[in-house]
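# here's a sequence, model it:
(one chain, ligands or ions: 1)
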Amino acid sequence: MALIAIGQNRKMEDYLESVRRAGGEPVEVVVGGETPEQILSRVDALMLTGGGDVDPKLYGEARHDTFQAAETGRDDFEIALARAAVATGIPLLAICRGMQVLNVAMGGTLVQDIPSQVTGALEHSVPQPRAGNAHEVWVSKGSKIATLLADHMEDGETCHVNSRHHQSVKQAAKGFEVTATSPDGVIEAIEKPDAPFCVAVQWHPENFWRTGEFRELFEGLVQAATTAKKR
Ligand code: MN
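Here you go, the predicted model:
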């Protein structure tokens, strides 16, 4: 069975169950344990999870008033994990903060506070985890997530998602494509087109493991991990 490393999180259950239901075996990894290289040498894929804000000094900005730090050590640990995963081509699914970590790790920047920095912004901080209709996202045709979520979209490009974030990708990192946006222009997914599987989403697909709305994202990761394992 493909081993999927999952970065630490205060609420692990949804991430663990999402991986299990997609046929993978989750491996929890925490700050202060093995090095990123040691971890990636013994797993088949990586998943980066939600959490607090990435320190903006890591992309050359001062902190906005709304800054809320993640757990001590997570920034450095997860940025190293993301860089190592991209460098080695190990399949990667990054969720919420994980998407922001991946983007900063690869040289991109973030919107630090959507309500005060995006004109005409929709409500992106909808606290209910399974409010699957917080806003819609427009998915780029031909992208990896368009293929994965084909059965979940209306008219081939619109998908409804939950939303629990006040930050988002601003400038996507070099080599990454924006593959979903909400109608206010907030970036909701990026992917690396030349990687076997390097996908990041701003919403929380892991909250739906009971009903399976976004199971295809986790199945995509586990399939890519299984393929990589056989090589
Ligand atoms: Mn959103």
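
# C-alpha from now on. contacts and neighbour counts both.
Will do.

# centre of the chain versus stretch 52-62, how much separation?
17 Å (CA atoms, centre = their mean, to the nearest Å).

# which residues sit against it?
63, 67-71, 75, 97, 100-101, 104, 107-110, 112, 167 (CA atoms under 8 Å, 6 or more residues apart in numbering).

# show me which of these are buried.
67, 70, 75, 97, 100-101, 104, 108-110, 112, 167 (16 or more other CA atoms under 10 Å).

# could you pull out the strands in this protein for me?
3-7, 25-29, 45-48, 92-95, 110-111, 135-139, 158-161, 168-169, 177-181, 187-191, 198-201 (DSSP state E).

# can you give me the angle the second one makes with strand 3-7?
Between the direction of strand 25-29 and that of strand 3-7, the angle (axes from the mean of the first three to the mean of the last three CA atoms, to 10 degrees) works out to 30 degrees.

# residues of this protein that sit close to the ion?
124, 163 (CA under 5 Å from the ion).

# how about low-confidence regions in the chain?
For the chain, applying pLDDT under 70 flags the ranges 231.

# now with 90?
10-11, 129-132, 152, 154-156, 228-231 (pLDDT under 90).

# what ranges does it have for its helices?
Taking DSSP state H to define them, one finds helices in the chain at 13-21, 36-42, 74-88, 97-105, 114-117, 144-148, 215-230.

# which of those helices is buried the deepest?
helix 97-105 (a mean of 28; mean count of other CA atoms under 10 Å).

# show me what that one is packed up against.
On a contact count with 3 or more CA pairs under 8 Å, 6 or more residues apart in numbering; DSSP states H and E, helix 97-105 meets strand 45-48, helix 74-88, strand 168-169, strand 198-201.

# mind checking how far T88 is from A173?
From T88 across to A173, the span is 17 Å (CA to CA, to the nearest Å).

# returning to that earlier point: distance to G185 for the helices of the chain - can I get that in a markdown table?
Converted to a markdown table, those look like this (distance: least, CA to CA, whole Å):
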| stretch | distance to G185 |
| --- | --- |
| helix 13-21 | 27 |
| helix 36-42 | 34 |
| helix 74-88 | 25 |
| helix 97-105 | 16 |
| helix 114-117 | 11 |
| helix 144-148 | 18 |
| helix 215-230 | 22 |
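
# can you tell which of those is closest to H124?
H124 lies closest to helix 114-117 among the helices of the chain, at 7.9 Å (CA to CA).

# hmm, who's touching the closest one?
By CA under 8 Å, 6+ apart, helix 114-117 touches 111, 121, 123-124, 166-168.

# what of stretch 123-140?
Contacts for stretch 123-140 (CA under 8 Å, 6+ apart): 114-115, 122, 145-146, 157-166, 178-183, 188, 204, 207-208.

# buried stuff in that stretch?
Neighbour-count burial for stretch 123-140 [16+ other CA under 10 Å]: 124, 126, 130-132, 134-140.

# coming back round to it: pick out the most distant pair among the contacts of helix 114-117.
V111 and E123 (14.7 Å).

# was I right to think G73 contacts V31?
Yes: counting by CA atoms under 8 Å, G73 touches V31, with 6.2 Å between them.
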